[in-house]
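J.: Fold the following for me, if possible:
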Amino acid sequence: MTEPVTGLMICGHGSRDAGAVEEFARLVDGVRKRIGDRWPVAHGYLEFARPIIREGLDALRELGCERILAVPGLLFAAGHAKNDMPSVLNGYAAEHGVEIRYGRELGITPKLLRVASERIEAAERAASSNIPRHDTLLVVVGRGSSDPDANANVAKVARLLGESLGMGWAMPAYSGVTFPLTAPALERAARLGFSRVIVFPWFLFTGILVNRIYDAVAEAQRAHPHIEFLKAGYLNDHPLVVDTFLERAEELVLGSPAMNCSLCKYREQLPAFEHQVGEPQMSHHHHVEGIGTGGHGHHRHDHGHDHGHDHGHGHGHDHHHHHAPYPHADHPLGPRTLKKSDSNTGKRPRGTDKTVDDAS
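T.: Residues are numbered from 1 along each chain as shown. Presented below is the predicted three-dimensional model:
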């Protein structure tokens, strides 16, 4: 059976900011160059800019495309990804009798986290002072949505980046719609006692909102001159961002299994945890099986999941089994397990061990 003529459609949100439109078009050019002659590529915007999505689809149909792979240029799945874009695409498909396959949002991936880490590290290198990361607070600013799932993903990004980079603290903020907004979040951040605050916009491109985020950072710097506030760059058209768009397109052709392993440290190279990819899968809790629940003896409880890679994590206290070293085991704000005496006294536990317990 002959494969239908296929085209790739990159669907953008659109912006009133000319710089944002130019950056999006540059990313589309990067995708086009990477694909070569395999598929024709077009793009269009949901609002505020031309070409609109229908015009991009028209361009692909005029090239003879019978099947169109539509990839949303959105980091998270909120209203635009779940409702607005599918509505436009479904209406067009019904009107013109063309097959349109709609892909998933870019999401949180090791590649995008790598880009984010590079942007944050670049801001550190450009700083005039040398402040350690444990004395640094990272604020990750997302777009903000009425969809709590999308908002929660910003908090997840903040945690992943904060832990990977060994920051003293990490917190989310939002440019609009939900809370905390950027300005009050920075005001709260200034009260936490850190010498440096790095603000990273989890945005693909520049635009009015990114400029407002940077304005809020400048205002926070004026209000708190004793704290160093740094502006990290947004994701933009980094080669790994282009890779992510191509992966979403490939999923529409090959299919992608639904699994929760895309950010598993044993499968993917997360920043600072690369050494744990592919570790042997083994249980390290045999010594405590059945203990502490009123029962007697031991029982087996092997992990009931298989990621297609080997788990292997142990820790270095007196149980004679081993976790891989936690990359920030000497972090001043942790990471030793809280002891009862510490919780009773309010004293923060400090430790010098280079290996720590996994949470259980």
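J.: ok, what's across the strand from residue 196?
T.: Per DSSP bridges, the residues bridged to residue 196 are residue 136, residue 228.
J.: what does the helix or strand harbouring residue 164 rub up against?
T.: Using DSSP states H and E, residue 164 sits in helix 148-165. The contact list for helix 148-165 (C-beta atoms under 8 Å, 6 or more residues apart in numbering) reads 76-78, 107-108, 113, 116-117, 120-121, 133, 138-145, 167, 169-172, 174, 178, 200, 202, 263, 270-273, 328. C-betas here are computed from N, CA, C, even on glycine.
J.: Pull the number of nearby residues for residue 278.
T.: 12 (other C-beta atoms under 10 Å).
J.: Actually, residue 16.
T.: Counted with other C-beta under 10 Å, residue 16 comes out at 11.
J.: residue contacts, it?
T.: 48-49, 207-208.
J.: what do you get if the cut-off is 7 Å, keeping everything else the same?
T.: 48, 208 (C-beta atoms under 7 Å, 6 or more residues apart in numbering).
J.: hmm, back to that, now the helix holding residue 164 - C-alpha only, CSV.
T.: Coordinates of the C-alpha atoms in helix 148-165 are reproduced here as CSV (Å, rounded to 0.1, in the frame of the first residue of the first chain):
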residue,chain,number,x,y,z
PRO,A,148,-4.2,23.2,37.3
ASP,A,149,-2.4,20.3,35.6
ALA,A,150,-0.4,22.7,33.4
ASN,A,151,0.4,24.9,36.4
ALA,A,152,1.5,21.9,38.4
ASN,A,153,4.0,21.0,35.6
VAL,A,154,5.8,24.4,36.2
ALA,A,155,6.3,23.3,39.8
LYS,A,156,7.7,20.0,38.6
VAL,A,157,10.1,21.8,36.3
ALA,A,158,11.3,24.0,39.2
ARG,A,159,11.9,20.9,41.4
LEU,A,160,13.7,19.0,38.6
LEU,A,161,16.0,21.9,37.8
GLY,A,162,16.6,22.9,41.4
GLU,A,163,17.6,19.4,42.4
SER,A,164,19.6,18.7,39.3
LEU,A,165,21.6,21.9,39.7
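J.: Could you measure from residue 174 over to residue 114?
T.: The spacing between residue 174 and residue 114, counted by C-beta to C-beta, to the nearest Å, is 23 Å.
J.: er, residue 140 actually
T.: 15 Å.
J.: Who has more neighbours out of these two?
T.: residue 140 (26 against 16).
J.: Surely that one is in a strand?
T.: Yes - counting by DSSP: H, G, I helix; E, B strand; the rest coil, residue 140 is located in a strand.
J.: Just say helix, strand or coil for residue 173.
T.: Relying on three-state DSSP, one would call residue 173 strand.
J.: Chain neighbours aside, what residue packs nearest to it?
T.: Distances taken as C-beta to C-beta, 6 or more residues apart in numbering put residue 185 closest to residue 173, at 3.5 Å, once the chain neighbours are dropped.
J.: Quick check, that neighbour in contact with residue 139.
T.: Yes - here residue 185 reaches residue 139: they are 6.1 Å apart, a contact under C-beta atoms under 7 Å.
J.: The two: who's more crowded?
T.: Per other C-beta under 10 Å, whichever of residue 185 and residue 139 has more neighbours is residue 139, with 29 against 21.
J.: So for stretch 170-183, what gets flagged as buried?
T.: 170-175, 177-178, 180-183 (16 or more other C-beta atoms under 10 Å).
J.: just stretch 133-147 next, same as before
T.: Residues of stretch 133-147 classed as buried by neighbour count (16+ other C-beta under 10 Å): 133-134, 136-145, 147.
J.: Could you export those as TSV, including distance to residue 61?
T.: Formatted as TSV, the buried residues of stretch 133-147 follow (distance: C-beta to C-beta, whole Å):
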residue	distance to residue 61
133	51
134	56
136	51
137	50
138	45
139	44
140	40
141	38
142	35
143	31
144	35
145	32
147	32
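J.: out of the residues you listed, who's nearest residue 22?
T.: If you rank those by distance to residue 22 using C-beta to C-beta, residue 143 comes first, at 19.5 Å.
J.: Can you give me the distance of that closest one to residue 112?
T.: From residue 143 over to residue 112 the distance is 15 Å, taken as C-beta to C-beta.
J.: Spell out the residue ranges of the strands in the stretch 51-200 of the chain.
T.: 67-72, 99-102, 136-142, 169-174, 196-201 (DSSP state E, counting those that start in this stretch).
J.: Kindly provide the whole-number mean pLDDT of the second one.
T.: Across strand 99-102, the average pLDDT comes to 98.
J.: And for stretch 112-131?
T.: The model assigns stretch 112-131 a mean pLDDT of 98.
J.: Before I go, just wanted to say thanks for your time.
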